[in-house]
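Asks: Pasted the sequence and its predicted model underneath.
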Amino acid sequence: MSRAVAGPEIERLIQLLARLPGLGPRSARRAALHLIKKRETLMAPLAASLGEALGKIVVCRVCGNVDTRDPCTVCTDPHRDPHVLVVVADVADLWALERASAINARYHVLGGVLSPLDGIGPDDLNLGSLLARVRDGHVGEVILALGATVDGQTTAHYITDLLRETAVKVSRLAQGVPVGGELDHLDEGTLSAAIRARTAL
Ligand code: ZN
């Protein structure tokens with residue numbers, strides 16, 4: 001056990017920061033010290049912003065996204081194509097696609113993927129609301145933007161079966177060579193998937 005170098009308030013701040021993704025105990029100390037040095041310009045606004053957001057965060061009842069309004073900013077954006085629905089496992093995936101400006105559509109956040117090993121079944125995911133949205137008739141295409149993992153692909157198959165009774169077009173993300181990727185650096189699975197998913201020029 002290392003000796004405390006600061007009072008309990010600062011030690012607590014470091015412990016909490018260390019729980020953030022991507023921050024270990026060392027980076028947490030560095031972050032805490034940075035906040036302390038910039039307490040007027042960074043720590044105070046950050047504390048205020050955390051308090052403000054905390055009281056307002058809600059889960060969108062339409063798509064499962066998190067926001068400070070319900071329905072969320074994405075669902076109420078009139079400039080998005082209402083006919084295309086992108087299904088993602090997690091809010092982080094929605095944010096990643098938005099960061100890439102990949103598509104101007106609406107989303108449906110499942111809240112995870114099917115995982116028999118972890119005991120996550122269909123009832124644990126937002127599948128009922130997905131089916132209801134598609135049955136509504138305004139959606140023409142559902143894009144399954146799920147990970148290329150066993151659980152991700154199991155979930156994609158499950159949803160494809162689930163939506164079969166509707167007339168909706170279902171597609172999934174391409175798998176293959178990453179942009180800027182060298183062929184001899186790719187694993188065999190990615191290479192075979194890229195060959196299978198080849199496109200005509
Ligand atoms: Zn929403």
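Replies: Everything's here; your move.
Asks: gap between stretch 20-39 and the chain center?
Replies: Put simply, stretch 20-39 sits 25 Å off its chain's centre (Cα atoms, centre = their mean, to the nearest Å).
Asks: repeat for stretch 88-95
Replies: 2 Å.
Asks: how about the residues of the protein that lie near the ion?
Replies: Residues of the chain lying near the ion by Cβ under 5 Å from the ion: 60, 62, 63, 65, 71, 72, 75. C-beta: built from backbone N, CA, C; applies to glycine.
Asks: I'd say the third one and residue 108 touch.
Replies: By that I understand residue 63. Yes. Residue 63 is within contact range of residue 108, at 5.3 Å (criterion: Cβ atoms under 8 Å).
Asks: Now a ChimeraX select for only the buried ones of the residues of the chain next to the ion.
Replies: Applying 16 or more other Cβ atoms under 10 Å to the residues of the chain next to the ion, the buried members can be selected in ChimeraX as follows:
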select :60,62,63,65,72,75
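Asks: where does residue 92 land in three-state SS?
Replies: helix (DSSP: H, G, I helix; E, B strand; the rest coil).
Asks: residues near it, how many?
Replies: 11 (other Cβ atoms under 10 Å).
Asks: Wait, residue 71 touches residue 58, no?
Replies: No. With contact defined as Cβ under 8 Å, residue 71 does not count as touching residue 58 (9.7 Å).
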